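**Student:** build the 3D model from these lines:
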Amino acid sequence: MTSNRLAIGFAGLQFKNPFLLSSAPPAMDARHILRAARVGWGGAVIKTVTEEPTVDPRTRLGALRTGSKLIGMNNIELLSREPLTTWTEDWIPKIKAEAPDDFVLVASIMSSPEPEGWTSLAETFSQTGVDAIEINVSCPHGSPEKHMGAFIGQDPTLVEQVTRAAKKGTDLPLFVKLTPNVTDIVPIAQAAVKGGADALSAINTIESLIGIDVETATPLPIAYGMNRKEQLSTYGGFCGPAVRPVGLRVVSQIAKAFPDTPISGIGGIDSWTSAVEYLMVGSRTLQICTAVMWHGFSIIRTIIDGMTKFMERKGYETIEELVGLALPKITTWTALSKLPPVVAKVINEKCTGCKNCVIACADGGYVAIQMRDGVAVINREKCDGCGLCAVVCGAEAIEFVHTR
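**Tutor:** Got it, this is the predicted structure:
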């Protein structure tokens, strides 16, 4: 199923392929993680463990759709429901005993701003046989109310302190999982690196309110108050394909600022193409959650097959050749040409005559498109090359050509 072509080194570890389960429901216990290991995943980050187990509200997942298609999901679920000892004495030994030898297991831990908690948890998990430790300073809901999670991850001083504290408790590779809920990710990443992080994971979920049930004026997902009758909700963490643009932006910014620090990319990876995108902006490994929750562990087979065929077609021999390949082409707005070097052109045989581009260009563009004999026609003199027509064209019937 896997190939040496997909092997990658990361923070002193060797992965047979770059794909891990992220710290989330698919990695909630030994049974789930072992199922993933047996179908070909390169590794897993266990659901975050803290000093006290979590009790979650019901319901706790909400969906964002365009038509009937799922594009995003919100959750108000927190950390592992099981005591720390269940992981250290039962589940981790079971996983290490029964998973393939080349399956990488990463412990995820969370504590308060006090350094001692991070050091203690890191020491404890270092003795279980896990291959690395990831510290969670990025959960955007629930945890900040307890001065944990993103409460820490939004403060460079705290990030550096808890990273150094966790590093003190382990000789294993230490990953720091970053939050996108900040104005500038670079100072946060810098603090983690300064504190001793061996690698960075990005991104955790985006703080969100997924929607409102307009019939009852109730925010989603619908949970309940302490009396178990009043329907309430709270802000949650947004994930899925819709967050991928934010994930790509954050990973690329970190990769540009800290080229020597390995990055584990997270956020909306659901196909071999989205996986390659993350590699090309600087990720070396890739963590996946939502796609597994929607499609199951076996999605890894499709992703690995697609990536392998892509690499063969393009002549890439190793994953290393993909890492950061797009970074030199990401520049500043100031460095871009402001004159339109391209205009749109309709690929006649693909045009369905739907008129979406005509409407969009008339009301949101430059009135440069009209229909002629059932096919869209673009006036090159009026076209500004903005790209709106291609955005609304479901038939991929628009291309861009140079004006000269």
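
**Student:** CA only for contacts and neighbour counts going forward, please
**Tutor:** Will do.

**Student:** so what touches the helix or strand encompassing residue 255?
**Tutor:** If you go by DSSP states H and E, residue 255 is part of helix 244-257. With contact meaning C-alpha atoms under 8 Å, 6 or more residues apart in numbering, helix 244-257 is reached by 180, 185-186, 189, 202-203, 261, 263, 265-269, 277-278, 281-283, 324, 327.

**Student:** that one: how far from the chain's middle?
**Tutor:** 10 Å (C-alpha atoms, centre = their mean, to the nearest Å).

**Student:** buried set for that helix?
**Tutor:** Going by neighbour count (16 or more other C-alpha atoms under 10 Å), the buried part of helix 244-257 is 244, 246-256.

**Student:** dump those to a markdown table, plus distance to residue 143.
**Tutor:** Below are the buried residues of helix 244-257 laid out as a markdown table (distance: C-alpha to C-alpha, whole Å):
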| residue | distance to residue 143 |
| --- | --- |
| 244 | 23 |
| 246 | 22 |
| 247 | 21 |
| 248 | 25 |
| 249 | 25 |
| 250 | 22 |
| 251 | 23 |
| 252 | 27 |
| 253 | 26 |
| 254 | 24 |
| 255 | 27 |
| 256 | 30 |
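
**Student:** of those residues, which is the nearest to residue 304?
**Tutor:** residue 244 (19.2 Å; C-alpha to C-alpha).

**Student:** the closest one and residue 101, how far apart?
**Tutor:** The spacing between residue 244 and residue 101, counted by C-alpha to C-alpha, to the nearest Å, is 32 Å.

**Student:** and what of residue 159?
**Tutor:** 33 Å.

**Student:** out of these two, which sits in the more crowded spot?
**Tutor:** More neighbours surround residue 159 than the other of residue 159 and residue 101, with 29 against 9 (other C-alpha atoms under 10 Å).

**Student:** got the contact list for the more buried one?
**Tutor:** Taking C-alpha under 8 Å, 6+ apart, one finds 137, 152-153, 188, 191-192, 195 in contact with residue 159.

**Student:** got the residues you listed as CSV, with neighbour count, pLDDT and secondary structure columns?
**Tutor:** Shown next, in CSV, are these (neighbours: other C-alpha atoms under 10 Å; pLDDT from 0 to 100; DSSP: H, G, I helix; E, B strand; the rest coil):
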residue, neighbour count, pLDDT, secondary structure
137, 30, 98, coil
152, 26, 98, helix
153, 31, 98, helix
188, 24, 98, helix
191, 21, 98, helix
192, 28, 98, helix
195, 22, 98, coil
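
**Student:** what are the phi and psi values at residue 333?
**Tutor:** Backbone geometry at residue 333, expressed as degrees, to the nearest 10, gives phi -60, psi -40.

**Student:** number of nearby residues for it?
**Tutor:** 8.

**Student:** residues in contact with stretch 161-171?
**Tutor:** Against stretch 161-171 from outside (C-alpha under 8 Å, 6+ apart): 113-116, 118-123, 126, 135, 174, 176, 192, 195-197.

**Student:** which one of the contacts of residue 159 is nearest residue 293?
**Tutor:** So of those, ranked by how close each gets to residue 293 (C-alpha to C-alpha), first place is residue 137, at 22.9 Å.

**Student:** what is the subsequent helix or strand relative to the host helix or strand of residue 164?
**Tutor:** Assigned by DSSP H and E, residue 164 belongs to helix 156-168. Sequence order places strand 174-177 as the next helix or strand after helix 156-168, per DSSP H and E.

**Student:** show me the contact partners of that next one.
**Tutor:** 132-138, 163, 166-167, 192, 196-204.
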